[in-house]
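Chemist: sequence and predicted structure are below.
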Amino acid sequence: MSFFALYDAEHFYGEPEPVPGARVSFAPDKLSAARERRTVRPADRQPVGGEGLMVNEIAADVPLWPSSLWRVADLEPMRPLLSHRWLHCRAFTVMEQVPAWLVAGPHGETVEWVIARTRTLTGAQADALAAQSDEGEEPLIRTLWARWSRGHGTGSPVGCALTTLNQVVTEAAHRVGPQLFGPDDDEEEVEVLSDPAWLRAFGAAYAAALALGAPELLTPRENAVLARRWTTVFGSPDLT
């Protein structure tokens with residue numbers, strides 16, 4: 001089983017658009033045109049090396065949260081990328097659309113719920129999360145990661161969700177105002193999220209994503225402690 005993640009039209013370098021039954025092929029001209037738009041200079045219209053359509057053999061290996069996720073088959077691979085589970089393909093056949101939250105694992109729907117609320121986080125909600133006690137979270141997070149690492153050399157128990165959370169909380173903070181940001185310790189010209197309340201709110205989202213997305217790594221009581229700040233403010237996910 002293989003998966004193709006679609007992010008947006010700007011980053012889709014194939015044709016036609018994915019629909020069940022379609023044979024999608026890599027379109028080098030679309031990749032070159034996108035590069036020209038980004039760099040404002042002519043790009044080589046010939047494909048370079050093993051470029052093509054990226055396909056993941058495991059949904060949780062998708063590196064960014066997609067707008068849609070497709071199960072594909074009949075791959076025409078170019079060469080492996082980074083590992084045997086990531087491939088660049090010249091073409092594939094689309095079988096069906098599957099839930100995008102599969103990139104966060106079998107419990108990804110609950111992680112998607114955390115991401116959705118983080119994406120629209122308000123100042124009042126960030127303050128409410130920051131006001132909750134985070135007692136017990138740090139040792140549980142260490143325990144969770146240690147248990148995950150024993151069975152997995154790399155990666156995350158919730159796929160790309162933690163990276164996505166970092167992105168969406170930053171986007172939400174930008175909508176609230178520039179006062180939430182300050183210079184990076186290593187690169188002063190770079191502005192990073194620095195407001196203490198918002199950083200604590202991100203910590204609550206991070207802890208909840210792990211507790212809800214990888215419940216098998218802790219006991220139910222431990223998961224409840226890890227998600228407590230988040231569920232106190234937002235309740236528990238109702239995904240029925």
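Modeler: Structure's in. What do you need? Residues are numbered from 1 along each chain as shown.
Chemist: which helices and strands sit right next to the worst-scoring helix or strand of the chain on mean pLDDT?
Modeler: Using mean pLDDT, DSSP states H and E, helix 28-39 stands out as the lowest-scoring helix or strand of the chain, at a mean of 78. Here helix 28-39 touches no other helix or strand, going by 3 or more C-beta pairs under 8 Å, 6 or more residues apart in numbering; DSSP states H and E. Glycine gets a C-beta too; all of them are placed from N, C-alpha and C.
Chemist: so what touches the helix or strand following it?
Modeler: Remark: after helix 28-39, the chain's next helix or strand is strand 53-56, criterion DSSP states H and E. Applying C-beta atoms under 8 Å, 6 or more residues apart in numbering, the contact partners of strand 53-56 are 2-5, 13-14, 24, 26, 62, 72, 75, 77, 81, 85-92.
Chemist: list only buried entries from those residues.
Modeler: 2-5, 13-14, 24, 26, 62, 72, 75, 77, 81, 86-92 (16 or more other C-beta atoms under 10 Å).
Chemist: following element in sequence after the helix ranked longest in the chain, please.
Modeler: Of all segments of type helix in the chain, defined using DSSP state H, the longest is helix 196-213. Reading on from helix 196-213 to the C-terminus, the next helix or strand found by DSSP H and E is helix 220-234.
Chemist: now that following helix: buried residues?
Modeler: For helix 220-234, by 16+ other C-beta under 10 Å, it's 222-223, 225-231, 233-234.
Chemist: that helix to helix 196-213, inter-axis angle?
Modeler: Relative orientation of helix 220-234 versus helix 196-213 (axes from the mean of the first three to the mean of the last three C-alpha atoms, to 10 degrees): 130 degrees.
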